[in-house]
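J.: requesting a structural model of the entry that follows:
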Amino acid sequence: MPTPMISASDILNSKILIVDDQEANVILLERMLGGAGYVSISSTMEAGRVCELHLGNQYDLILLDLLMPGMNGFQVMEELKKTEKDGYLPVLVISAQPDQKLRALKSGAKDFVSKPFDIAEVLARVHNMLEVRLLYLQTRSLCDQLAAEKKQSFELAAQPGIMVGVEKEERINTHWFRSLRLRHPWLQFNLLTSLAGGGMMLIFQETVSRLLILVVFVPVLISQSSNTGSQALAITLRGLALGELKAGREKALIMKEALLGLLNGTFVGLVAAIAMYVAATVQHSPIALMLGAIVFLAMTGSCIISGICGAMVPLVLKKLGADPASASSIVLTTTTDVASLVMLLGLATILVK
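T.: Next up is the predicted model:
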């Protein structure tokens, strides 16, 4: 954790509120602080306005007179406690009665200045209080930041398990029965979706029988499109977990992943098409060139679909109120498998008579 640092400029730019019902005291304090280089000084002679002013400005220091008509300093501090969630009152009380010091400190004040003012003492106490206040705020900010980063790290670390049905609450010491209950439903869901993908082979059974060589390229096609979709899925889930994906940017993300799918699909499709052409030529197939073109088009099309699905699936699940990571991987796998088979076998059915 970085060590908090407070500069002299930070202290001199701190926001200070002077609260005193005597105008002479207000003017004197303003001149003392202004002469010392403080540049953000406000004042009020109405004790009832302190809480309102502090809520709107979040002062780093409140110089508060204890004895005021209508509402005294003790009552002001009680009201301030209601607005300060952490209970820290940045209050330096002012009083001509030293016997009030202990009561003021017990009421939440952090320091005490006596009247009549000693300039050196006032400036020293103001400086010290502001330094402590700013260090406190900086430390709290760093702690909040570390807590947020820890939470984000946990979410990111949990994603790989969630994507295959391992819930965030499951740990190494989780009882086997609870682990079974958390994991098994996802395996059943995965089985059903896999059967849907296998059903595509039955639909195009005649094409498969005529062009058996295409079967060799089915796992290649599925593997490439799945990887394309998984890359898009990982980026989308990471953006959701880290809060980087702001409202209104979903369309841009989908368009970007579609473009990447097109480019990646084109490049790997060319290599796969050449491999298909060579394999078909070795087998003396008269339609070797057509088969290469079919593989190229299927690879490009399935990569585009996979990229779009990789970005859309978690967004749709989130919109439906579901955990975007819970079923994204399984839904994506089914979509890419079916799309790849339909593209490859469908094009073969249409183009090769």
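J.: so Thr236 is in contact with Lys318, correct?
T.: No. Counting by CB atoms under 8 Å, Thr236 does not reach Lys318; the two are 9.7 Å apart. C-beta here means a position set from N, CA and C on the backbone, and glycine is covered the same way.
J.: who has more neighbours, the two?
T.: Thr236 (26 against 18; other CB atoms under 10 Å).
J.: name the SS class of that one, please.
T.: Here Thr236 is recorded as helix under DSSP: H, G, I helix; E, B strand; the rest coil.
J.: which residues are in contact with it?
T.: Shown in contact with Thr236 (CB atoms under 8 Å, 6 or more residues apart in numbering): 245, 253, 257, 310-311, 314-315, 324.
J.: what's around Thr334, how many residues?
T.: 19.
J.: what's the answer for Ala24, then?
T.: Count around Ala24 with other CB under 10 Å applied: 8.
J.: show the backbone phi and psi for it.
T.: phi -60, psi -40 (degrees, to the nearest 10).
J.: tell me the pLDDT at it?
T.: Looking at Ala24, its pLDDT reads 89.
J.: just Asn173 next, same as before
T.: For Asn173, the predicted pLDDT is 73.
J.: likewise Val313?
T.: 87.
J.: same check, this time on the one 4 residues further on
T.: Reading off the confidence values, Leu317 has pLDDT 79.
J.: for Val331, see how far away it is.
T.: Distance, Leu317 to Val331, by CB to CB, to the nearest Å: 8 Å.
J.: got it, and Asp111?
T.: Per CB to CB, Asp111 is found 61 Å from Val331.
J.: which one's more surrounded, the two?
T.: Val331 (19 against 16).
J.: now that one: closest residue in space, sequence neighbours ignored.
T.: Spatially, and ignoring its direct neighbours in sequence, Val331 is nearest to Val313 (5.2 Å; CB to CB, 6 or more residues apart in numbering).
J.: tell me which helix or strand comes right after the host helix or strand of the one you found.
T.: Val313 belongs to helix 288-319 when assigned by DSSP states H and E. Next helix or strand after helix 288-319 toward the C-terminus (DSSP H and E): helix 328-351.
J.: and that next one, what does it pack onto?
T.: helix 176-203, helix 205-210, helix 213-242, helix 288-319 (3 or more CB pairs under 8 Å, 6 or more residues apart in numbering; DSSP states H and E).
J.: quick one: residues in contact with the strand or helix carrying Lys101.
T.: According to DSSP H and E, Lys101 maps onto helix 101-106. Helix 101-106 is contacted from outside by 66, 73-74, 77, 93, 95, 112, using CB under 8 Å, 6+ apart.
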